[in-house]
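*Asks:* Starting from these lines, generate the structure:
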Amino acid sequence: MKYEDADILAFISNKPKFTYAPEKDTGSNENAGPNESSGNKAKDLEKKNLEKDLLTEASGPDSLPAFEEFPVSPSEALTDALSSEALKNTLPSEALTDALSSEALMEDNSPNSLNIISNTVSQALSSISRVAPEPVSSFFPDSSSVSGISGEDELPFEAFDEYDIGASRVTPALDEAFGIVTTGIEPLEITHSGATITGYIASARRSEIRLGTYVVVPYEGGEKLFARVGKLQYRQEFAVDDATEIHSRRMLNSRASPINEADYKFLACLDPLCILYRKKADSALTRRMADRIPRPNTPILPVTDRLEVQTGLNIPEEGVFLGHLSVGGELVKTHSEPETVAYYLRNDYSMGDPLIFRHMLICGSTGTGKTFLSKNILRQFMTESNRYRLRNSPDKARKNPCLVIMDPQDEYSQIFEDNETLTEEDKFRFESENVTYGRVQSTKAFVAKVEGQKYPGDKSRAEQIEFTIPFSLVKHNSWLISAAGMSELQYIGLEVLLGDFFKSSVPHTYLNFINHIENEGTRSYYVDSGKLHESSYDGIVRRVSSRFFPKVFDQDATPITEIVDKIFKPGQISVFPTEYISSPRIRDLIVLTIMSLIVDNKLNTTGIDAIKETPIILALDEAHRYLSSANGEHARLIISRFADAARQGRKEALGLFLITQDPQDIDDTVFKQVNTKLILNLNNDAAISSLKVPKEYERRIPYLKKGQMIIHSPDNSDIVEILGLSNCVVRHR
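*Replies:* This is a model prediction of the structure:
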């Protein structure tokens, strides 16, 4: 049997075309003898029997047609194949010319000829897919193609009229897709407790995917699933065991071919965050919980719209600038202008009080940029347009806040100076995202006079105002001179002694108080009368007779109680440097004095008007030193006072801005009142666990780069990663 007239395409697709070799035309030979005539009849009968046998054999369910081996030259077979109607109608002329002129047409009957033919045809057919126009659909032919089919050649299947052809065409931006949603690994699932959504990532986009990458999956109707990549994994595409010694040696061999990543499935598991939608075509973009499941084969697209990112993560579109959204230390970029996504802290009354009065915490190891970041953030609060209202103010007017900074390193007075390294490009970028930059001229440094210590004041040109702490402040804050190891009975006895002393007519100074309690007559009076036990009295005298107190109380300077109106002024930055003081005990005393002055007047019904009627942001560096959960009556009283301030600060326009490298040491009562946490690099496991962030973010914290941080602010947005500014908006040296 010959197959030289067979359609080579049908042959390749296992659908052979039976074509028998034509018999010689014997015709009716009048001169043929009887033997020849009977011979022809025998041949005809044999041919019919053979044809019957072949048809019977081919009709079997497991049988394949048998072909005789005829010596057909390669060039002849290729010529027949390329001249077939199927190729003539689809093969471009250029591809046909190349195929016909290929070396496969050479007269060659070698065993490799058929391989050359096959390669040539494959190349020709591949050019069809590149040159020929894309068909509309192989499953949904247009009406013209259907009408052209005769009744005898009708379609081998029935069209589904109700099938939603356009369901998968939900977005025109398919060229940007990372991949598709797939059910080939696990079924798609959304429940109240979680979701299982797996995406197959195309090999060309695999290098762009990171843990935490934000994506959208469109639904029909315009809604979009906003999700984050929560897990990445490879799976084998083929049944190949790549965990063998032979395979490993082959791959490690320098002459081995490189691994083809397309041989593996690259999967991204998506964590749904919300669904983005508009109630009407012209209404604002909003979000709701993820309550729909995407369809299989739906494209997974990168987020290119800044508004979609801000809405999906619930980030305000304006407020106090903190940084730019990032993933793995790389900025998230969109098609908007500017392309980065700014992270703002809500700073208005649309959803309650501004978040600064719900308190902020910045924590990070030494050298991670806490001061740099704090300067950039605090500067954003000191703008003319930033005003807050006071509930108890008689005129109900809104006022600029007063920023009070406890500065142990003498760095914050530099807010008075411009950053001379800023370029015009930097300033343009700041202005495009409403980032406030430049000096605050109302910055003042308030310097406590300490015997034997001198403040250099050479880091800025800010005005310096010297003050002293009068002992009269101890009257209502006895814990200022109580030592950390003082017992409860001793503390009660101290309050008795101070109460009687402030009732006396002598000047109420620290030295007069020490002379009073060291007097033998005073001791006999309290001990003999039974008001104080002998051991308690002696213990009190030892603890308050510190060599440090005379150096700070009642010095030759203006008492701080007389310059309160100069310290707490709306729109002013009041910095209290303590770096020049060598004694930690004196530094702590000065800081605690300022803190108690603010808290007492803010929380009491009556207080100094300058404090009571001014919004105050209290920035406390090394906050763990003053808000520690250490044992002792002294610490307990301090914590109790500032826990009240943290709880009531929201309604009294008092915001705490805490900066520390040891967040685990801050008392839980105060820590629980902090709403916004900015977490820089930390390597202390106890510190990381105290922050109580999700596990996936806990693992990132030790690897955060300088300026990279995680923000946990439940009342402002979902937990995210951001990058701070690379330049300081004021001087930083």
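*Asks:* could I get stretch 189-198 in CSV with only the CA atoms?
*Replies:* In CSV, the C-alpha atoms belonging to stretch 189-198 read as follows (Å, rounded to 0.1, in the frame of the first residue of the first chain):
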residue,chain,number,x,y,z
GLU,A,189,-11.8,28.3,49.1
ILE,A,190,-12.9,31.2,51.2
THR,A,191,-14.2,30.8,54.7
HIS,A,192,-14.8,33.1,57.7
SER,A,193,-11.5,32.0,59.2
GLY,A,194,-9.3,32.1,56.1
ALA,A,195,-8.9,31.4,52.4
THR,A,196,-7.0,29.1,50.0
ILE,A,197,-6.3,30.9,46.8
THR,A,198,-3.4,29.6,44.7
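*Asks:* Enumerate the positions of it that are buried.
*Replies:* 190, 195, 197-198 (16 or more other C-beta atoms under 10 Å). No exception for glycine: its C-beta is placed from N, CA and C like everyone else's.
*Asks:* tell me which of these is nearest to Ser583?
*Replies:* Ala195 (57.9 Å; C-beta to C-beta).
*Asks:* which residue sits closest to that closest one, ignoring its sequence neighbours?
*Replies:* Closest residue to Ala195 in three dimensions, ignoring its sequence neighbours and counting by C-beta to C-beta, 6 or more residues apart in numbering: Pro272, at 5.0 Å.
*Asks:* any idea how far that neighbour is from Ser713?
*Replies:* 21 Å (C-beta to C-beta, to the nearest Å).
*Asks:* Low-confidence stretches in the stretch 401-550 of the chain?
*Replies:* Under the criterion pLDDT under 70, the flagged ranges of the stretch 401-550 of the chain are 483-485.
*Asks:* tell me the contacts of the nearest residue in space to Leu225 that is not next to it in sequence?
*Replies:* With C-beta to C-beta, 6+ apart as the criterion, Leu225 has its nearest non-adjacent residue at 4.2 Å, and that residue is Val217. Val217 makes contact with 181, 197, 224-225, 227, 270, 294, 298-301, according to C-beta atoms under 8 Å, 6 or more residues apart in numbering.
*Asks:* State whether Ala281 is indeed within a strand.
*Replies:* No: per DSSP: H, G, I helix; E, B strand; the rest coil, Ala281 lies outside any strand segment and is coil.
*Asks:* And the pLDDT for it?
*Replies:* Among the per-residue scores, Ala281 shows a pLDDT of 85.
*Asks:* tally of neighbours for it?
*Replies:* Applying other C-beta atoms under 10 Å, we find 6 residues neighbouring Ala281.
*Asks:* All the helices of the stretch 401-550 of the chain, residue numbers only.
*Replies:* Taking DSSP state H, counting those that start in this stretch as the criterion, the stretch 401-550 of the chain carries its helices at 424-432, 488-503, 510-518, 520-528, 534-544, 549-552.
*Asks:* which one of those helices lies closest to Asn727?
*Replies:* For the helices of the stretch 401-550 of the chain, distance to Asn727 was read as C-beta to C-beta. The smallest value, 5.6 Å, belongs to helix 424-432.
*Asks:* now what about the closest one, what contacts it?
*Replies:* Counting by C-beta under 8 Å, 6+ apart, helix 424-432 makes contact with 338, 435-437, 727, 729, all of which sit outside it.
*Asks:* hmm, back to that, helix or strand right after the helix or strand encompassing the residue nearest to Ala195?
*Replies:* Using DSSP states H and E, the secondary-structure element containing Pro272 is strand 264-277. Next along the chain after strand 264-277, taking DSSP H and E as the criterion, comes strand 286-288.
*Asks:* Next, the buried residues of whatever helix or strand comes next after that following strand.
*Replies:* Past strand 286-288, further along toward the C-terminus, the next helix or strand under DSSP H and E is strand 299-302. Counting neighbours by 16+ other C-beta under 10 Å, one finds that the buried residues in strand 299-302 are 299-302.
*Asks:* again with stretch 370-387
*Replies:* Of all the residues in stretch 370-387, those buried under the rule 16+ other C-beta under 10 Å are 370-382, 386.
*Asks:* likewise stretch 209-227?
*Replies:* The neighbour-count check on stretch 209-227 (16+ other C-beta under 10 Å) flags 209, 212-219, 223-227 as buried.
*Asks:* got the contact list for stretch 643-657?
*Replies:* Around stretch 643-657, the neighbours that count as contacts under C-beta under 8 Å, 6+ apart are 353, 356-360, 362, 374, 378, 388-391, 401, 598-599, 602-603, 614-620, 642, 667, 669-670, 673-674.
*Asks:* so Ile710 bridges to which residues?
*Replies:* Counting by DSSP bridges, Ile710 forms beta bridges with Ile679, Glu721.
*Asks:* you'd agree it is up against Val693?
*Replies:* Yes: the pair Ile710 and Val693 qualifies as a contact (C-beta atoms under 8 Å) at a distance of 6.7 Å.
*Asks:* Same list, the helices of the stretch 401-550 of the chain, but as TSV with mean neighbour count and distance to Ile563 please.
*Replies:* Shown next, in TSV, are the helices of the stretch 401-550 of the chain (neighbours: other C-beta atoms under 10 Å; distance: least, C-beta to C-beta, whole Å):
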stretch	mean neighbour count	distance to Ile563
helix 424-432	13	35
helix 488-503	17	22
helix 510-518	16	20
helix 520-528	13	34
helix 534-544	17	27
helix 549-552	20	16
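*Asks:* and the ones you listed as TSV, adding distance to Val720?
*Replies:* Supplementary listing: the helices of the stretch 401-550 of the chain in TSV, determined by distance: least, C-beta to C-beta, whole Å:
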stretch	distance to Val720
helix 424-432	21
helix 488-503	45
helix 510-518	51
helix 520-528	60
helix 534-544	48
helix 549-552	44
